[in-house]
Every structure is written in C-alpha cells, then in structure tokens.
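Visitor: Give me coordinates for this.
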Amino acid sequence: MDQTVTNVINTINVLTNNTKDAYLVPTLGGAPIACRFKMWPGATKEDIQSLRQFDLPGDLIDFLSATNGLDLFNMQTEYGPLTWAHVLNCQEIVENYSLMKKTGLTGRNKGELVGVIHLTDIGLININIDRLKAGQHYLSYPAEWGSEYFNLTFAEWLYRYIVCGGSEFWNLQY
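Guide: Numbers count the residues shown, from 1 in each chain. Just a heads-up that it's a prediction; the model follows:
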C-alpha cells in the first residue's frame, strides 16, 4: 500500500481513536469544533474493477481498498449535520462520472475528468485522466479554479487537508 495512504489512515485513527471519538478542530476567534470522521470497509474486488475504465492513480485505488469512501470533519450544526469533505466511494465515482459525461462536464476539450472529493460549499475535486497519463499534475482545484492543478497526489492532498484541520490550505499565505 502507498505510504501516504497508510499515513492518512493512521492519522485519522490516531486523531479519532479509530473514528470512535470526535476530533477538536481549532477555529479562529472561537471555540474548537468537535468533528467526526467516518470510514467504510474497503472496496471489494468488483468495486475496484468498476474503476479500471478510468486508469486512476494507484494511491487512490489503495485508499479505496482500505476504505471505500470517507467523510471528513462531520459536525452537528443548528441546521443539522454537516460534512466538510467527502471522498467518493467506487460506486459514487462511476455514477458521478456518468452524470458529468451526460451533462458535458467531462470529455472533449475539457479532458477526461473523474470526480473524487466533494468539498461542501466549495465544489468537486477531479482527477484529469489525460494529464495523469501525460505525467502532469492531475488533481484539480475545486469549482471555479478547476483549470488549475495541485502539485500533489491524491493521498498527499488528503493528508495535508486532514493535518490542516479541514482548512483550504491551498489559499493560505506562507
């Protein structure tokens, strides 16, 4: 298994006592927010096989083999439950791709895009298969920045997002 994927899973387990406990996320000028993480059992061989059509990166396949989907930073708000980020499971990846294909949001001059992470109130992060095959940065920024790409693999992005407490680390000034 990819070492960064192992780091992601281990970090979640340490922060949340194997997802049994809430994780307190610091906030600017306020009290910490109690968040939970949810992992599912790893994908079956059939689930993984359904993704072969996309030629996805190995770290994503390793991740889905360990947990077929992931909810990050779940919290209860006055309006109900809220999840900051959701890593799509195998079935959701296939269904989302079919919908994007049907509506013209992937393919042709846009490149072959496969959605993998949904960020609430921000948008979908996609893998650009054409760029991946060409050895270029392939993980898109969400929403209106979707034509820009992280210089990170899927697992590196996920690890950074968790370590930064669910913040939009790509917008932080260093």
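Visitor: switch to C-alpha atoms for all contacts and neighbour counts from now on
Guide: OK.
Visitor: The chain: helices as residue ranges?
Guide: Per DSSP state H, the chain carries helices over the ranges 3-16, 45-50, 58-66, 90-103, 129-133, 154-163.
Visitor: could you dump these to a markdown table with mean neighbour count?
Guide: As requested, the helices of the chain are arranged in a markdown table below (neighbours: other CA atoms under 10 Å):
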| stretch | mean neighbour count |
| --- | --- |
| helix 3-16 | 17 |
| helix 45-50 | 13 |
| helix 58-66 | 20 |
| helix 90-103 | 16 |
| helix 129-133 | 16 |
| helix 154-163 | 19 |
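Visitor: Select, out of those helices, the one closest to residue 38.
Guide: Taking CA to CA as the criterion, helix 3-16 is the member of those that comes nearest to residue 38, at 9.4 Å.
Visitor: So which elements touch the closest one?
Guide: In this structure, helix 3-16 packs against strand 30-39, helix 58-66, helix 154-163, with contacts taken as 3 or more CA pairs under 8 Å, 6 or more residues apart in numbering; DSSP states H and E.
Visitor: could you dump the ones you listed to TSV with mean pLDDT and distance to residue 81?
Guide: Formatted as TSV, the entries for the helices and strands packed on helix 3-16 read as follows, by pLDDT from 0 to 100; distance: least, CA to CA, whole Å:
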stretch	mean pLDDT	distance to residue 81
strand 30-39	92	10
helix 58-66	97	24
helix 154-163	95	19
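Visitor: per-residue confidence for residue 56?
Guide: Predicted confidence (pLDDT) at residue 56: the value is 97.
Visitor: dump the residue contacts of it.
Guide: Neighbour list for residue 56: 127, 129 [criterion: CA atoms under 8 Å, 6 or more residues apart in numbering].
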